[in-house]
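Asker: generate coordinates for the sequence data below:
(chains A and B)
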2 protein chains.
Amino acid sequence: MTERRVPAGVHIIGTGLIGTSLGLALTRSGGTVTLEDLSSTNAALARDLGAGQTSTAAEPDLVVVATPPDVTAACVAAALERWPAAVVTDVASVKGLVIDGLRSRGADLTRFCGSHPMAGRERSGAVAGRHDLFHGRAWVLTPTPETGADARALVAEVARSVGAEVLTLEPVEHDAAVASVSHVPQLMASLVAARLEHLAESSVALSGQGIRDVTRIAASDPHLWTQILSGNATAVREVLVSLAGDLDGVIEALEALGADDDAPGARGTLARAIAAGNAGHARIPGKHGAAPTAYATVRVLIPDEPGQLGRLFADVGSTGTNIEEFHLDHGLGQAFGLAEIDVVPAAAAALSDGLEQRGWRLHG
Amino acid sequence: MTERRVPAGVHIIGTGLIGTSLGLALTRSGGTVTLEDLSSTNAALARDLGAGQTSTAAEPDLVVVATPPDVTAACVAAALERWPAAVVTDVASVKGLVIDGLRSRGADLTRFCGSHPMAGRERSGAVAGRHDLFHGRAWVLTPTPETGADARALVAEVARSVGAEVLTLEPVEHDAAVASVSHVPQLMASLVAARLEHLAESSVALSGQGIRDVTRIAASDPHLWTQILSGNATAVREVLVSLAGDLDGVIEALEALGADDDAPGARGTLARAIAAGNAGHARIPGKHGAAPTAYATVRVLIPDEPGQLGRLFADVGSTGTNIEEFHLDHGLGQAFGLAEIDVVPAAAAALSDGLEQRGWRLHG
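Answerer: Numbers count the residues shown, from 1 in each chain, chains lettered A, B, ... in the order given. Modelled structure (predicted):
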């Protein structure tokens, strides 16, 4: 085991959201960070925000390539040549693409350990950078067989030093995993949301919490997602083909039911599609990566008047209950919102009583 | 205009979630409610919960058929015959099916006004019933050309008397609308979640907030959804065919990119899919049916220790800020959660200062 330390010199290439956030985090913990960007304006902005220095570095211990994915392999290869003793990592959200590019360039893979901090935001660029962007997030390492143990240990150390949780996957496993848990959900959210583009206003008005949740990430940036999806084209396509096969089965079943309400097997196809979703959904880890826990839910009606949610917060706080989850659900119309407060089952009665004593109407 | 009043006698057929909740709500506001269910046990349970009486009614003013959708038309037709002066409504989540069934039975449509209270829950049955289930929810009326003005007014009045917001759509419009904003999102959430059913544990571990939101409703009941989807087969199929067409385009583009990273037009297809999702997502009404409002977001790091969320609630409450939205985001690992508190832009600085003074670490 390598000792835990902040590396003496980290050089960051690319001062967008991830590069700048990493610079801010490492600088705060006493590391020496130098910054580089194709745009000298971007680099100067990140420097002015406190992410590091733009002066030329001595040979760094670690080079972090935080460029857009389509130029990552070229940048990593150049860095490996320019600093022949440094360890190099990248932070692209697709990994096979980068390694293929490095192999085709004959790069020295012993000093390279690719990685993927799973810490996106809905905004991009240096100004969106935050020193605590990586706190409690997964940072996946994707070493190849050639990757040296030192290189791997150094990248893990840097990830941990900024508060991330380190996981390790093979590059191809990583790309298949993010295809299923990130890239395909993004695409399907976009395709569902696109159905609303030309829908009548009176129909869109029926949108409830379900479609809001399903399509929340449909607000994401088309330019970035085009790069991500095209960089992971093969793995994403494979998952989509499987999904499209199930979708075709559902469409056929609905067509059969449209023609004959008693069509044999059609209802079975629909039920199996929903049941498979139940089974897949149940596998998603709960809070903090743990298995989902059964909490008791206290539901409180919130009149839509100024200050009511703040008052609820004060009242919940004054009961001293340990809140596990809080979810706010808005109905249509002006009347009420519904707050769902999850607590351990043993605490539910006391919270309910406390809130009723303070004049809140509980839902049920 | 009919005067606002609680109808003297409401007879509810079907004492599941919706029927029982309606009985509870009407009974509380002083109405006379009688209950009927194919299962006398169910009816007695709803009565014992306070939803109404099971004794035989005099001719009711209004009959509400709250059965599963596949038997709704038959029940409505029988009710129209049994009580020749009463108005009848139903609450099925698909409307064309019911009206077709009534027409084929030659029912008297002047006294029928179909409706759909958009107030589902993740649980079903009389015990899940709540008197405030309809507060602030949309209740869609779907009159036909034959529907009498009195019938329509009476159903609207009952919906408003239990706190719902009344909207009116033609039956075919309603079914097309819920296909797009409810049934297709449900199916796609299920199909996305189903990709996880056989995924390796180490891959599922990368699940972040995006897939959690997209698949939240994938936990829904297969039996109920099979009825809903088969009851709206034609409208759902139409939306799915359009979605499947876009999906095929995306799959082709990814296939082309897998073969040739420079495939002409492929990136344009991907970008257009994401951009159309942006446009559709932007049309979803914000809180309370109003247009989305730009709030300022204050982000607070929450250490994962007992009592921290409760302490945050108390501190936010003590700043006296009017909270518009509250969202809790869990990272991976044990370290931190992130609370996002939306307030009007003018209130953000005071809330941030107040929380920092009380020792909270803000995110950025």
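
Asker: so the residue in the stretch 1-150 of chain A that chain B sits nearest to, which state does it fall into?
Answerer: Residue nearest to chain B within the stretch 1-150 of chain A (C-beta to the nearest C-beta): A:G136, separated by 3.0 Å. No exception for glycine: its C-beta is placed from N, CA and C like everyone else's. Following DSSP: H, G, I helix; E, B strand; the rest coil, the label given to A:G136 is coil.

Asker: ok, it to A:L45 distance?
Answerer: 27 Å (C-beta to C-beta, to the nearest Å).

Asker: neighbour count: these two, which is higher?
Answerer: Shown here are A:G136 and A:L45; by other C-beta atoms under 10 Å in any protein chain shown, A:G136 has more neighbours (25 against 19).

Asker: I'd say that one and A:A119 touch.
Answerer: No: using C-beta atoms under 8 Å, A:G136 is not in contact with A:A119, being 9.3 Å away.

Asker: what sits in contact with each of these two?
Answerer: A:A164 (C-beta atoms under 8 Å, 6 or more residues apart in numbering or on different chains).

Asker: name the helices or strands packed onto the strand or helix carrying A:A279?
Answerer: With elements taken from DSSP states H and E, the one containing A:A279 is helix A:266-282. For helix A:266-282, the elements it packs on are helix A:233-259, helix B:184-194, helix B:209-215, helix B:222-231, judged by 3 or more C-beta pairs under 8 Å, 6 or more residues apart in numbering or on different chains; DSSP states H and E.

Asker: where does pLDDT dip in chain A?
Answerer: Applying pLDDT under 70 to chain A flags the ranges A:1-7, A:57, A:120-123, A:286-294, A:304-306, A:329-337, A:364.

Asker: now the residue of the stretch 1-150 of chain A closest to chain B: phi and psi?
Answerer: The phi/psi pair for A:G136 (degrees, to the nearest 10) reads phi 70, psi 10.

Asker: same deal with A:V300?
Answerer: Dihedral angles of A:V300 (phi, psi; degrees, to the nearest 10) stand at phi -120, psi 130.

Asker: chain neighbours aside, what residue packs nearest to it?
Answerer: A:A339 (4.6 Å; C-beta to C-beta, 6 or more residues apart in numbering or on different chains).

Asker: how many residues are close by that neighbour?
Answerer: Neighbours around A:A339, by other C-beta under 10 Å: 22.

Asker: try A:D261
Answerer: A:D261 has 14 neighbours, counted by other C-beta under 10 Å.

Asker: one step back: what's the closest of the helices and strands packed on helix A:266-282 to B:V76?
Answerer: Closest to B:V76 of those, according to C-beta to C-beta: helix B:222-231, at 14.2 Å.

Asker: what sits up against that closest one?
Answerer: A:254, A:257, A:261, A:266-267, A:270-272, A:274-275, A:278, B:68-70, B:92-94, B:97, B:124, B:183, B:186-187, B:236.

Asker: now those residues: which count as buried?
Answerer: Applying a neighbour-count criterion of 16 or more other C-beta atoms under 10 Å in any protein chain shown, the buried members of the contacts of helix B:222-231 are A:254, A:257, A:266-267, A:270-272, A:274-275, A:278, B:69-70, B:92-94, B:97, B:183, B:186-187, B:236.

Asker: which residues of chain A fall in strands?
Answerer: A:9-13, A:32-36, A:62-65, A:87-90, A:114-117, A:138-142, A:165-168, A:296-303, A:325-330, A:336-343, A:361-362 (DSSP state E).

Asker: of the ones you listed, which is nearest B:D353?
Answerer: So among these, strand A:325-330 is nearest, using C-beta to C-beta, at 22.7 Å.

Asker: list the beta-bridge partners for the closest residue to A:C75 other than its chain neighbours.
Answerer: Excluding its sequence neighbours, the residue lying closest to A:C75 (C-beta to C-beta, 6+ apart) is A:V65, at 4.6 Å. Taking DSSP bridges as the rule, A:V65 bridges to A:I13, A:D90.

Asker: so what's A:V65 up against?
Answerer: Contacts of A:V65 by C-beta under 8 Å, 6+ apart are A:13-14, A:72, A:75-76, A:79, A:88-91.

Asker: go on, A:Q186?
Answerer: A:217, A:220, A:225, B:210, B:274.

Asker: same thing with A:P143?
Answerer: A:113-114, A:151-152, A:168.

Asker: A:D262: neighbour count?
Answerer: 8.

Asker: please tell me how far it sits from B:V76.
Answerer: 21 Å.

Asker: got it, and A:A86?
Answerer: To B:V76, A:A86 is 76 Å away according to C-beta to C-beta.
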